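> how would this look folded up:
(one chain, ligands or ions: 1)
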Amino acid sequence: MRELIERIEKDGRVLGEGVLKVDSFVTHQVDPELMEKIGERFAEVFKDANITKVVTIEASGIAPALYAAQTLGVPMVFARKSKSLTMNEELLTSSVYSFTKQVTSTISISRKFLSEKDNVLIIDDFLANGQAAKGLIELCQQAGAKVEGIGIVIEKSFQDGRELLEEMGLKVVSLARIASLSNGKVEFIEEDA
Ligand code: 5GP
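Below you'll find the predicted structure:
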């Protein structure tokens, strides 16, 4: 997605260890106009997949997932990384190792928000090794819901996430695909949509 790539080129910062910082428009401060366009693009790609829920993980997946859900006319559900006191009903849970925080956390969604009747579009801000997406897929599997596809805002194609998800037979659509972050420079490869 041309606009997203230009924004990464302008405002993205390469940190060491293969990490891209996009905190001025995605992961901390959020650009609503760009996020709306990103959500609309995901909705366009998956418009014929009979999506009934858009599922993401807090916090940075919420903005693109919400706009996609709004355009598709379905609810958005986000997995929580810590258990809230008000979550007293039955939970779907899985473990996710965080690439950026280097800790394992238990993620959860209330069972009442996902069922075997659901066709799910999973959305996240980044795809690195695929652990966050895998955790969300496991929650869907526990509910008996069908995962129709994965929408990723920024894919780091030099890591293993896409391969892991495609091996599971899933359609992965990334709006920006990064080939390399070497020498402090962002190199792109052709994106999916
Ligand atoms: P994965 O689970 O695919 O290994 O990593 C995806 C998750 O880690 C995303 O939800 C995102 O929060 C975080 N992440 C992975 N790589 C980066 C990165 O380069 N920059 C930022 N800001 N977050 C990342």
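> What's the separation between the residue positioned nearest the centre of the chain and residue 16?
Residue closest to the average C-alpha location in the chain (Cα atoms, centre = their mean): residue 124, at 1.0 Å. Here residue 124 is placed at a distance of 22 Å from residue 16 (Cβ to Cβ, to the nearest Å). Yep, even glycine has a C-beta here, placed from its N, CA and C like the rest.
> about what we covered before: give me every residue that touches the residue nearest to the residue nearest to the centre of the chain when sequence neighbours are not counted.
Distances taken as Cβ to Cβ, 6 or more residues apart in numbering place residue 61 nearest to residue 124, at 4.5 Å, with adjacent residues excluded. The contact partners of residue 61, by Cβ atoms under 8 Å, 6 or more residues apart in numbering, come to 78, 123-125.
> Keep only those of those that are in strands.
Among the contacts of residue 61, DSSP state E puts 78, 123-125 in strands.
> and the ligand, which of these contact it?
When contact is defined as Cβ under 6 Å from any ligand atom, these meet the ligand at 124-125.
> so which of the ones in strands among the contacts of residue 61 is the most crowded?
Counting neighbours by other Cβ atoms under 10 Å, residue 123 leads these with 32 neighbours.
> interface residues of this structure facing the ligand?
With Cβ under 6 Å from any ligand atom as the criterion, the chain meets the ligand at residues 19-22, 27, 60, 98-100, 124-132, 156, 161.
> Next, please give the residue ranges for the helices of the protein.
Applying DSSP state H to the chain gives helices spanning 2-11, 32-45, 62-72, 131-143, 161-167.
> right, so those helices: which one is the most enclosed?
Using mean count of other Cβ atoms under 10 Å, the stretch among those with the greatest mean number of neighbours is helix 62-72 (a mean of 23).
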